[in-house]
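Chemist: sequence below, structure please.
(one chain, ligands or ions: 2)
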Amino acid sequence: MTERYDLTVIIPTFNEEENIAAIIEAVNGVFSENGINGEVLVVDDSSKDRTISTVQGIAGRRENVRLIVRKEDHGLSQSVVEGFGEARSEILQVIDADFSHPPELIPRFYEAVRDGADIAIGSRYMKGGDIEQWPLKRRVISLGATAFGRMLFPEVTDPVSGFFAVRREVVAGAPLAPRGYKILMEVLGRGRWRSFVEIPFVFKDREEGESKLRADTIVDYLRQCAGIILFAATRRAGPVYNEWTKIVRFGLVGLSGIFVNMGLLYALTEIAGLYYLISAAIAIELSIVNNFVWNDVWTFKSARDLRFGRRVQRLASFQAVSVGGLVINMAVLYALADVAGVYYLAANLVGIFVAFAWNYVVNRHYTWKNL
Ligand code: GDD
Ligand code: MN
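Modeler: Ligands and ions are numbered 1, 2, ... in the order given. Model prediction:
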């Protein structure tokens with residue numbers, strides 16, 4: 001019974017009488033054009049307009065259209081989670097009713113999850129994605145919220161997107177605490193997933209009706225982020241915890257490298273009597289090797305292939321990335337200090353930070369890519 005369909009498209013609604021018939025028709029059109037055996041599940045929060053009667057009419061004519069009318073615990077995230085529980089398929093897609101999310105892209109999300117991804121995320125903030133017709137204020141708030149969310153999920157460019165698909169096992173039985181607008185954050189933070197893909201899309205502001213976003217949405221959002229951080233910290237598990245463990249370890253290894261570097265520079269110059277620039281070259285190289293070893297056996301130990309050849313490959317890659325980091329560090333230092341007139345020690349701090357980000361991201365994705 002539960003697997004009657006290939007895909008369930010969940011449409012949360014609150015007062016969407018201008019859009020709901022058209023979006024259901026569009027989704028059904030996408031199903032038939034692409035040979036998808038899909039159902040449409042409208043989850044309504046007791047709309048005051050004609051949304052409910054409109055959907056009832058359509059559901060009477062079309063077997064694959066269903067309506068849930070909620071009476072309690074009003075909220076977008078809660079509605080979506082209720083839809084997860086009611087869906088009769090393995091793959092669940094969430095889409096807004098107001099055509100902000102292009103329904104033509106649904107097959108791409110469906111295929112991504114069918115072909116192995118646990119989550120497919122529609123992203124406005126990757127190449128090919130964009131936002132149309134948003135007032136500056138909304139853009140700024142959304143960028144801030146997204147930036148905050150990205151600190152929890154550094155790998156995801158749009159963790160607050162409302163357009164995504166997910167495999168049912170990811171959310172079934174997961175301790176989701178839905179509240180507010182950002183259900184995807186909850187799925188990412190507490191769902192059981194390993195892999196995701198992002199699909200760029202252009203978000204178009206609604207032409208009919210109005211946004212239900214209110215000022216207290218921001219407060220809800222901050223509380224939600226705090227909840228996810230607490231969850232990661234207390235469970236010591238999950239994607240947020242895993243990624244941040246790596247970042248912290250990588251940072252600590254970097255610190256150990258500074259000690260190795262300084263210690264060797266001192267010892268080689270003062271004790272072995274080498275010219276200090278020669279000592280420095282040796283010290284830099286050995287600190288890179290030090291960092292490599294610790295990152296290989298500790299930070300990224302889950303991504304290790306123990307064969308000797310692979311190890312050498314990783315060392316070579318790490319070495320190249322480190323040299324790139326050094327160049328970036330110096331370029332930032334020069335640009336800020338010499339061109340912008342920033343005090344050189346402050347400029348160097350910024351340089352270290354940028355180089356650290358570069359080193360982490362490139363090594364995480366390239367040197368130790370089997371994560
Ligand atoms: N059931 C239910 N309950 N549905 C709701 C509620 C609610 O309390 N509030 C809004 N909806 C429905 C709307 O009817 C619409 O289908 C969808 O949820 C999105 O609501 P909008 O009010 O149009 O949201 P938005 O355009 O401001 O925000 C969108 O963009 C955000 C990213 O910036 C949504 O897609 C958000 O999910 C997304 O985070
Ligand atoms: Mn909208």
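
Chemist: for the residue of the chain found nearest ligand 1, what are its contacts?
Modeler: At 2.4 Å from ligand 1, Gly162 is the closest residue in the chain, using C-beta to the nearest ligand atom. Heads up, the C-betas are built off the backbone N, CA and C, glycines and all. The contact partners of Gly162, by C-beta atoms under 8 Å, 6 or more residues apart in numbering, come to Val94, Ile95, Asp96, Ser100, His101, Tyr181, Ile183, Leu184.

Chemist: neighbours of the fifth one, just the number please.
Modeler: The criterion is other C-beta atoms under 10 Å. On that basis, His101 has 25 neighbouring residues.

Chemist: surely it is in contact with Phe203?
Modeler: Yes - if you go by C-beta atoms under 8 Å, His101 and Phe203 touch, sitting 7.2 Å apart.

Chemist: now do the SS call for the residue of the chain closest to ligand 1.
Modeler: Using DSSP: H, G, I helix; E, B strand; the rest coil, the structure places Gly162 in coil.

Chemist: same check, this time on the one 3 residues further on
Modeler: At Ala165 the chain is in strand, as set by three-state DSSP.

Chemist: any idea how far it lies from Ile95?
Modeler: With distances taken as C-beta to C-beta, to the nearest Å, Ala165 is found 9 Å from Ile95.

Chemist: the two: which is more packed in?
Modeler: Ala165 (30 against 26).

Chemist: list the contacts of the more buried one.
Modeler: Applying C-beta under 8 Å, 6+ apart, one finds that Ala165 lies in contact with Leu7, Ile91, Leu92, Gln93, Val94, Ile106, Phe109, Tyr110, Ala112, Val113, Ile119, Ala120.

Chemist: of the residues you listed, just say which sits nearest to Arg223.
Modeler: Val94 (21.2 Å; C-beta to C-beta).

Chemist: next up, the contacts around the closest one.
Modeler: Val9, Ile10, Pro12, Val80, Gly83, Gly162, Phe163, Phe164, Ala165, Val166, Ile183.

Chemist: for the closest residue in space to the third one that isn't next to it in sequence, give its distance to Arg88.
Modeler: Spelled out, that is Pro12. The shortest distance from Pro12 to any non-neighbouring residue, by C-beta to C-beta, 6 or more residues apart in numbering, is to Ser79 (4.3 Å). Counting by C-beta to C-beta, the gap from Ser79 to Arg88 is 17 Å.

Chemist: kindly report the same for Val321.
Modeler: Taken as C-beta to C-beta, the span from Val321 to Arg88 is 48 Å.

Chemist: between those two, which is the more surrounded one?
Modeler: More crowded of Val321 and Arg88, by other C-beta under 10 Å: Val321, with 20 against 14.

Chemist: got a list of what that one touches?
Modeler: Trp358, Asn359, Val362, Asn363, Tyr366, Thr367.

Chemist: can you classify it by secondary structure?
Modeler: Classified using three-state DSSP, Val321 is helix.

Chemist: just the pLDDT for it.
Modeler: Listed pLDDT for Val321 reads 97.

Chemist: counting neighbours, which of the contacts of Val94 comes out on top?
Modeler: That'd be Val9 among the contacts of Val94, by other C-beta under 10 Å, with 32 neighbours.

Chemist: report the beta-bridge partners for it.
Modeler: With DSSP bridges as the criterion, Val9 is bridged to Val40, Gln93.

Chemist: interface residues of the stretch 51-200 of the chain facing ligand 1?
Modeler: 74-76, 79, 96-98, 100, 142, 160, 162, 181-182 (C-beta under 6 Å from any ligand atom).

Chemist: quick one: which of those sit in helices?
Modeler: Leu76, Ser79, Ser142 (DSSP state H).

Chemist: from those residues, which has minimum pLDDT?
Modeler: Lowest pLDDT of these: Ser142, 86.

Chemist: show me what contacts it?
Modeler: Counting by C-beta under 8 Å, 6+ apart, Ser142 makes contact with Ile131, Trp134, Val160.

Chemist: ok, Glu207 - how many residues close by?
Modeler: Other residues within reach of Glu207, judged by other C-beta under 10 Å, total 11.

Chemist: closest one of the contacts of Ala165 to Val350?
Modeler: Using C-beta to C-beta, Ile119 comes nearest to Val350 of these, at 34.1 Å.

Chemist: burial of the closest residue to ligand 2 within the stretch 251-371 of the chain, as a residue count?
Modeler: Residue nearest to ligand 2 within the stretch 251-371 of the chain (C-beta to the ion): Val361, separated by 31.9 Å. Neighbour count of Val361, defined by other C-beta under 10 Å: 13.

Chemist: distance-wise, check it relative to Ala177.
Modeler: Val361 is 30 Å from Ala177, where distance means C-beta to C-beta.

Chemist: try Phe99
Modeler: Applying C-beta to C-beta, the value for Phe99 to Ala177 is 29 Å.

Chemist: next one: Ser317
Modeler: Distance of Ser317 to Ala177, computed by C-beta to C-beta: 40 Å.

Chemist: now swap in Gln56 and tell me
Modeler: 31 Å.

Chemist: likewise for Val65?
Modeler: In this view, Val65 and Ala177 are 30 Å apart by C-beta to C-beta.

Chemist: compare those two (neighbour count), which wins?
Modeler: The neighbour comparison of Val65 against Ala177 (other C-beta under 10 Å) goes to Val65, with 22 against 16.
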